[in-house]
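Asks: Everything below, folded, please.
(chains A and B)
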Amino acid sequence: MSQLINQQHYFEFAGELDAETLTMLRDLFLQENGEYCDRIADLTKLGALKEIGAIMHSLKSSAATFGCSTLAERSADLEMRAKADDESILGEMDDFLQLARATFDAFANLPAAA
Amino acid sequence: MHLLLDQHLDNESAWRACERRLKTLFATCGVATTDASQVRNIVSVAQSKREGGCHVHIERLARDLKVVINVRADEEPLIWHFDNPDFVSTIEGNTETVSVILRGDSKSKRHHIAVVDDDRLYRVLIENYLSAEFDVSLFENGREALEGIADTEPDLVLCDIEMPLMNGWELRHALLSKKSTAAIPFVFLTGNDDDVQQAQASGSAVDDFLSKPIQKVALTNCINRVLTRVEHLKQQLSDRLDERITRRLAPETPSVRADYSAALFSRCHSAGGGDFLFARETEDGQTLIVLGDVMGHDEAAHFFCYAHMGFLYGLFHAGTPPESPAQCLELLNTAMLNHNLYSESMVTLTAALLGPDGKVAVACAGHPPPIVLKPNGELHELEVSGCIPGVIEHTEYIETEVTLDSRERLLLYSDGLFDALQNDLSIQEALTEVQKVLQGNAESEVGKLVEAVEARFTSADLGDDVTLLALEAAA
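Replies: Predicted structure coming up:
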């Protein structure tokens, strides 16, 4: 868990929010990004690089916000390459989705606040 | 509480004029932009959904406004949700009448920030970060924001770059191309460092850049820094304008017919001001006085003071001078309806005609009614009212006539007389305070009476322009 999530960053972020908002944002983060993963899987089969790049862009920002640093860095790299029409990323998507789901599992098990 | 508007709106042009005045009214009273927009929408919906129009009633007491909108009984119920804690709404009796009390307070006016981001998570997060300090409007993309920003004119736009339909760059260019939105401060919030570099290199009139992920402190610091910079620029421009022009606008004691005495107290909340006083002798030797209060204290208020004064001057020197206070207000009403120049302003007016033997005719257009101060200290408010000018075509203003007996004074004033002390006192305390001063000097000659009022305001931290004109007929 500690490798996937920068806990110091997350708890600082959580400390700026009231409990209700934090819960709502956490739920939204997990729900939206779960949907993103499903769409990435579909888009990978279609080879739709542009759309994959757009999703990586959103994933990158929200992952960074919640301290999911590894996922954020990986999304940023894939976003850049997708926008450069680098088809080789399609072969990396299984690994990426595995990372994403592991991150969300770890995040879901993280206490809401310190 | 004095009447600003009590009108049945049954045609499109009447509604459009009313809508403009409401917008100006809410803005100058410091009502939150989102709330003001909501109330205007209520009137718009009520007006457009039916034949026969709707009835709008607006009263003002200092910074409080009361807006009552009557919707006909056979209409389907309209439901409104108000989520600003300062915006108190009640439904009276049934859904046919909606009464909304708007508490405006220019002292604590919150800035309005428009947030544009296609990422729902970010919209929720930023709203949470900002809502304690700012009014926030949320938009999902540039296209949606373009419409909303033109309508609500926020104080700052915080915008993501990569969005569907219309991205941040396209929105920025669209806003820059419109006069009304070009000067709104604009901050990009982006997840791409490349975007920041591109923005810096493009010279696209962006005020600042923030990178995602964003921390609350960094976000609020950035917004406050940009807003402060803009305020300083505005203040510099305003000071220059005041130096050159607006100090000459301050009301002066009018010259009145020989059988009356007049004394004036006038203080501006800021340099220049929104109160003006015009006096001219009519062809039959009477004196027509017009006291106006243009809403707002900024450059626009100064400008519109000049515009109204210019119109009145033109009437007396190049047109057909009005023969009565009501006719004067009716001519101003027509001018405000017909000239686009006045569409963004709102003014309230009292006109008085000083005749022989202490006879004074008075008409009001959304202005607090004059008061007669009797020698025993009794205060008698004249029963005279009429709607603000520039809303309803062919408005007829009804005059009230009063005969000033010996030692009775007629007091014409702008609502700042009671409102201005609110920085120090509650409205009730301010009312009592001014009444005490007036009553305590009821037997003094008008000059002394006005000096006594002025003394009370000397050290006050004014929240509004104050004008008091005291008139007395010769014994």
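Asks: Could I get the full set of helices for the stretch 351-475 of chain B?
Replies: For the stretch 351-475 of chain B, helices defined by DSSP state H, counting those that start in this stretch occupy the ranges B:416-419, B:427-440, B:446-457.
Asks: Please save the CA atoms from stretch B:173-188 in CSV.
Replies: Extracted C-alpha coordinates of stretch B:173-188, given in CSV (Å, rounded to 0.1, in the frame of the first residue of the first chain):
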residue,chain,number,x,y,z
HIS,B,173,-10.3,33.7,-26.6
ALA,B,174,-14.1,33.8,-26.7
LEU,B,175,-14.2,35.9,-23.5
LEU,B,176,-11.5,38.2,-24.8
SER,B,177,-13.5,38.9,-27.9
LYS,B,178,-16.4,40.3,-25.9
LYS,B,179,-16.2,43.7,-24.3
SER,B,180,-18.3,42.7,-21.4
THR,B,181,-16.1,39.7,-20.5
ALA,B,182,-12.6,40.6,-21.8
ALA,B,183,-11.5,42.2,-18.5
ILE,B,184,-12.6,39.4,-16.2
PRO,B,185,-9.4,37.9,-14.6
PHE,B,186,-8.7,34.5,-15.9
VAL,B,187,-6.6,31.7,-14.2
PHE,B,188,-5.8,28.4,-15.9
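Asks: give me the number of residues near the residue nearest to A:Ser88 when sequence neighbours are not counted?
Replies: Nearest non-adjacent residue to A:Ser88, counting by CB to CB, 6 or more residues apart in numbering or on different chains: A:Arg81, 7.5 Å away. C-beta: built from backbone N, CA, C; applies to glycine. Applying other CB atoms under 10 Å in any protein chain shown, we find 18 residues neighbouring A:Arg81.
Asks: wait, A:Arg81 sits on A:Glu87?
Replies: No - the pair A:Arg81 / A:Glu87 is not scored as a contact, 9.2 Å apart, by CB atoms under 8 Å.
Asks: Distance from stretch A:10-28 to the middle of the chain?
Replies: 16 Å (CA atoms, centre = their mean, to the nearest Å).
Asks: repeat for stretch B:435-455
Replies: That offset, for stretch B:435-455, works out to 29 Å (CA atoms, centre = their mean).
Asks: could I have that stretch exported to PDB, CA atoms only?
Replies: C-alpha atoms of stretch B:435-455 as PDB (Å, rounded to 0.1, in the frame of the first residue of the first chain):
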ATOM      1  CA  GLN B 435     -34.400  61.200  14.200                       C
ATOM      2  CA  LYS B 436     -33.000  62.300  17.500                       C
ATOM      3  CA  VAL B 437     -30.700  64.800  15.800                       C
ATOM      4  CA  LEU B 438     -33.600  66.200  13.700                       C
ATOM      5  CA  GLN B 439     -36.000  66.400  16.600                       C
ATOM      6  CA  GLY B 440     -33.400  68.000  18.900                       C
ATOM      7  CA  ASN B 441     -32.900  70.700  16.400                       C
ATOM      8  CA  ALA B 442     -36.500  71.200  15.200                       C
ATOM      9  CA  GLU B 443     -36.600  74.800  16.300                       C
ATOM     10  CA  SER B 444     -33.200  75.800  14.800                       C
ATOM     11  CA  GLU B 445     -33.000  77.600  11.500                       C
ATOM     12  CA  VAL B 446     -32.400  75.200   8.500                       C
ATOM     13  CA  GLY B 447     -28.700  75.900   8.400                       C
ATOM     14  CA  LYS B 448     -28.200  75.000  12.000                       C
ATOM     15  CA  LEU B 449     -30.400  71.900  11.600                       C
ATOM     16  CA  VAL B 450     -28.300  70.700   8.700                       C
ATOM     17  CA  GLU B 451     -25.100  71.400  10.600                       C
ATOM     18  CA  ALA B 452     -26.300  69.300  13.500                       C
ATOM     19  CA  VAL B 453     -26.900  66.400  11.200                       C
ATOM     20  CA  GLU B 454     -23.600  66.900   9.500                       C
ATOM     21  CA  ALA B 455     -21.900  66.800  12.900                       C
END
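Asks: Now it: buried residues?
Replies: Residues of stretch B:435-455 classed as buried: B:437-438, B:441-442, B:446, B:449-450, B:453-454 (neighbour count, 16 or more other CB atoms under 10 Å in any protein chain shown).
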